[in-house]
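[1] fold the stuff below for me.
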Amino acid sequence: MLKINWSVWDNNSTVSWDFNANSIRVEMKMPPLGVANLKSKSLIAIFGRFDEFGSSNLLLYSYEGILQRAFKAPPLGKCSQFTSVSESNGIVSVGIGFETDSEWAEKSAQFNVIDGTLTNYHRSY
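    This is a model prediction of the structure:
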């Protein structure tokens, strides 16, 4: 079983996990907003801070620690960025936060980890 060594409460800019007797470490300049194990895809999803990555803040790493893809949040408004990633029954969902008319808004959508397409947009609250 893969265990991610990171918590939002730690305020740590290093995400690490053990895989096949190797200790994997991913260093960021700033602590990421969140980390998720996408088990059915064998990927670790890290969504970083807008200040560090801009809208391209969703990073997918292989279990071996190799960056597979980086995705840019859709331009739904100013400062559009990924705010969450989760998986349920093999379906990956993301949250997207953005400013519209000086207010913060969020939407959720299903996410394709291969090509980054988003479907089934809906309010996340």
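[2] tally of neighbours for Asn12?
    Asn12 has 14 neighbours, counted by other CB atoms under 10 Å. To be clear about C-beta, it is placed using only N, CA and C from the backbone, and glycine gets the same treatment.
[3] what about it, which helix or strand?
    Taking DSSP states H and E as the definition, one finds Asn12 inside no helix or strand.
[4] what distance do you get for the residue nearest to the spatial centre of the chain to Gln68?
    Geometric centre of the chain, nearest residue: Phe47, 3.3 Å, by CA atoms, centre = their mean. Separation of Phe47 from Gln68 (CB to CB, to the nearest Å): 14 Å.
[5] ok, now Val8?
    The value you get for Val8 to Gln68, if CB to CB is used, is 23 Å.
[6] quick one: which of those two has more around it?
    Gln68 (15 against 11).
[7] got the CA coordinates for the lowest-mean-pLDDT helix or strand in the chain in PDB?
    None of the helices or strands of the chain scores lower by mean pLDDT, DSSP states H and E than strand 118-123, at a mean of 89. The C-alpha coordinates for strand 118-123 follow below in PDB (Å, rounded to 0.1, in the frame of the first residue of the first chain):
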ATOM      1  CA  LEU A 118     -13.400  18.200 -18.200                       C
ATOM      2  CA  THR A 119     -17.100  17.100 -18.300                       C
ATOM      3  CA  ASN A 120     -20.200  17.300 -16.200                       C
ATOM      4  CA  TYR A 121     -19.500  20.800 -14.700                       C
ATOM      5  CA  HIS A 122     -21.500  21.600 -11.700                       C
ATOM      6  CA  ARG A 123     -21.500  23.800  -8.600                       C
END
